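In: everything below, folded, please.
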Amino acid sequence: MLILGIETTCDETSAAVVEDGLILRSNIVSTQERLHLRFGGVVPEIACRAHVEAVLPAVDRALEDARIILREIDAIAVATTPGLIGALLIGLTSAKTLAWLLKVPLLAVNHLHAHIFASKLEFGHSLQFPTISLLVSGGHTSLYLSQSETQHLLLGATLDDAVGEAFDKVAKLLGLAYPGGPEIERIAQEGDPTAVPFPRPYLEPGSLDFSFSGLKTAVLYHYQGLQKIKGRLSKKEIADIAASFQEAVVDVLVNKTLLALERHPVKGVVLGGGVACNSRLRNRLAQALENVPVRLYYPPPVLCTDNAAMVAGLGYYEYLEKNLASLEVEAVA
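Out: Next up is the predicted model:
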């Protein structure tokens, strides 16, 4: 079964063809980083205009790379929630139109659940559910109890800044380039993660929710304090701040994942989302699970960021469960 996936939730326009839920035939991702660079973040109107221009060429390239024609597609899967409402509508309208023209099923996919599924594309049937799934991205920081490819119980989520957003804002404060996550990770390799004792925002005892706004403010106050004393900060001082901030974030993410594991016996831990590319987070989580009888799963970087392959793959499992969408399905921001 060949499913065409479409992903336009934020600032990547993507189309992909996946066979039988797991065989990646093509995955085209058109990024908008250059368009948003001068603003230091995603501008919704600019993102929407770029999606309009890129979505049909992305579909054409996905079909070409998969070496098929449009009429061979058996179903259309599209991310309908969550995301920027204008961006979502562009992908959804494209998917509805194609499904209507081809007279094939339309599959509405949750973007966050698709990020969890990305590891299934990498590991195939060796990824066995249930799992604890940690989703870390620019817009979301969430812990799930994942019972299957399509069934996910939310255990905890961010109360304010998502982890990726916190990375971007701290990077901007430190004068680093956009997007901030990769820049923080890069310069943190030259710093001391114990140099600055930033707080670990665990919230109330036992909470599986996340809050990074206070940590971001602590970085701001420390940075401003050093500026008043020394003026311009050295590269080493910037690196120490970045490393200490990153370590505080990773401590919280790892320890809350371990807390979720204590409460829910599972077969594995899935790490997904754009921040799952962070090597410090991957290494620390792997170390923490060395003496725990569960396996850690995370996708390659190309499947960590927003992509249509994970949407098409999850769409296949939604199809198997007969979770078909009508042409009246709506996008939810």
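In: nearest residue to the middle of the protein?
Out: Gly273 (2.2 Å; C-alpha atoms, centre = their mean).
In: pLDDT value on the closest residue to that one other than its chain neighbours, please?
Out: Sequence neighbours aside, Ser137 is the residue nearest to Gly273 in space, at 3.5 Å (criterion: C-beta to C-beta, 6 or more residues apart in numbering). Just so you know, the C-beta spots here come from the backbone N, C-alpha and C atoms, and that holds for glycine as well. Ser137 carries a pLDDT value of 93.
In: give the contact list for Ser137.
Out: His115, Ala162, Val163, Gly164, Gly273, Gly274, Val275 (C-beta atoms under 8 Å, 6 or more residues apart in numbering).
In: still on that earlier bit, state the distance from the residue nearest to the centre of the chain to Ile241.
Out: Gly273 is 24 Å from Ile241, where distance means C-beta to C-beta, to the nearest Å.
In: next: Pro300.
Out: Distance from Pro300 to Ile241, by C-beta to C-beta: 29 Å.
In: tell me which helix or strand of the protein sits lowest on mean pLDDT?
Out: Here the helix or strand of the chain ranked lowest by mean pLDDT, DSSP states H and E is helix 33-36, holding a mean of 87.
In: what is the end-to-end distance of stretch 318-326?
Out: 13 Å (C-alpha to C-alpha, to the nearest Å).
In: buried residues in it?
Out: Glu318, Tyr319, Ala325 (16 or more other C-beta atoms under 10 Å).
In: where exactly do the helices run in the stretch 101-250 of the chain?
Out: Remark: helices assigned in the stretch 101-250 of the chain by DSSP state H, counting those that start in this stretch are 111-123, 163-173, 180-188, 213-230, 235-263.
In: which strands and helices lie in contact with the longest one?
Out: Counting contacts by 3 or more C-beta pairs under 8 Å, 6 or more residues apart in numbering; DSSP states H and E, helix 235-263 packs against strand 131-136, strand 141-146, strand 152-157, helix 163-173, helix 180-188, helix 213-230, helix 279-288.
In: for the ones you listed, give me TSV that also has mean neighbour count and distance to Ala99.
Out: What follows is the helices and strands packed on helix 235-263, written out as TSV (neighbours: other C-beta atoms under 10 Å; distance: least, C-beta to C-beta, whole Å):
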stretch	mean neighbour count	distance to Ala99
strand 131-136	28	27
strand 141-146	24	27
strand 152-157	17	25
helix 163-173	23	31
helix 180-188	21	35
helix 213-230	14	41
helix 279-288	15	37
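In: do you know which of these lies nearest Gly21?
Out: Between Gly21 and these, the shortest separation by C-beta to C-beta is 15.8 Å, and it involves strand 141-146.
In: which strands or helices does that closest one pack on?
Out: So strand 141-146, by 3+ C-beta pairs under 8 Å, 6+ apart, packs with helix 111-123, strand 131-136, strand 152-157, helix 235-263.
In: how does it look with 6 Å?
Out: When contacts are defined as 3 or more C-beta pairs under 6 Å, 6 or more residues apart in numbering; DSSP states H and E, strand 141-146 sits against strand 131-136, strand 152-157.
In: dump those strands to a markdown table, plus distance to Thr31.
Out: Output for these, formatted as a markdown table (distance: least, C-beta to C-beta, whole Å):
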| stretch | distance to Thr31 |
| --- | --- |
| strand 131-136 | 19 |
| strand 152-157 | 26 |
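In: closest one to Ile229 among these?
Out: Nearest to Ile229, of all the helices and strands packed on strand 141-146, is strand 131-136, at 33.8 Å by C-beta to C-beta.
In: next, the angle strand 152-157 makes with the closest one.
Out: Between the axes of strand 131-136 and strand 152-157, defined by axes from the mean of the first three to the mean of the last three C-alpha atoms, to 10 degrees, the angle is 50 degrees.
In: sheet-wise, list the partners of strand 131-136 with their directions.
Out: Strand 131-136 sits in its sheet next to strand 141-146 (antiparallel), strand 268-272 (parallel), going by DSSP bridges.
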